[in-house]
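*Asks:* Any chance you can model this:
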Amino acid sequence: MISTAPAIADIPLPIDQWTQPFWSAACRCELVMPCCADCGTWRWPPGPFCPHCLSQAIAWQLAGPARLYSFAIVHRPGPTPADSPQAIVPGLVEFPEAGGMRIAAAIIDSKIDRIAIGSALSVRWVPKDETNVPMFVVV
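*Replies:* Next comes the predicted model:
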């Protein structure tokens, strides 16, 4: 069984003044994370102040390699009784080079028996609205 992408058409993207740089980079298929420009503390979600030094200066930097921190497997029947069952795999994706930042994302196009905590992941961009949503595949 292969993990499938969730239906994202009706899910609104959380785009606001603090997350806009993330989604602008995603439009270019770049995965970036916010880091305090003053003290270097990585932070997610982005917000108006650094939780460490309270600075408002943000630097958006490439996230680096991803690995799977945690996941669940949600089994679903196929669209019709004749179709194979499907599995949607929500995961918590960690970026060690970005201070261990973690984001929730779908693990797609991966054999279920190959998905494991600590697996190396590669980003796959799924178009939505006027940007792209990051989903991940087991390497």
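*Asks:* Report the beta-bridge partners for Arg102.
*Replies:* For Arg102, the beta-bridge partners are Glu94 (DSSP bridges).
*Asks:* Number of residues surrounding it?
*Replies:* By the measure other Cβ atoms under 10 Å, the count of residues near Arg102 is 15. Every C-beta, even on glycine, is put in place using the N, C-alpha and C of the backbone.
*Asks:* residues touching the residue nearest the centre of the chain, list them.
*Replies:* Per Cα atoms, centre = their mean, the C-alpha nearest to the average position across the chain is that of Ala105, at 3.9 Å. Ala105 makes contacts with Pro90, Gly91, Val93, Pro134, Met135, Phe136, as judged by Cβ atoms under 8 Å, 6 or more residues apart in numbering.
*Asks:* Mind pulling up the pLDDT for it?
*Replies:* Per-residue pLDDT puts Ala105 at 97.
*Asks:* Tell me if it really is in a strand.
*Replies:* Yes: the assignment for Ala105 is a strand, going by DSSP: H, G, I helix; E, B strand; the rest coil.
*Asks:* heads up, I number from 139, so please use that
*Replies:* Renumbered: residue one is now 139, and that last one reads Ala243.
*Asks:* Just give the nearest non-adjacent residue to it, would you?
*Replies:* In space, and not counting its chain neighbours, Ala243 is closest to Val231: 5.0 Å by Cβ to Cβ, 6 or more residues apart in numbering.
*Asks:* quick one, what contacts Trp161?
*Replies:* Leu151, Ile153, Thr269.
*Asks:* Give me the buried positions along the helix or strand hosting it.
*Replies:* Assigned by DSSP states H and E, Trp161 belongs to helix 158-165. Residues of helix 158-165 classed as buried: Phe160, Trp161, Ala163, Ala164 (neighbour count, 16 or more other Cβ atoms under 10 Å).
*Asks:* circling back: look up how far Val276 lies from the residue nearest to Ala243.
*Replies:* In this view, Val231 and Val276 are 11 Å apart by Cβ to Cβ, to the nearest Å.
*Asks:* Quickly list what's touching both of these two.
*Replies:* Common neighbours of Val231 and Val276 (Cβ under 8 Å, 6+ apart) are Leu206, Leu259.
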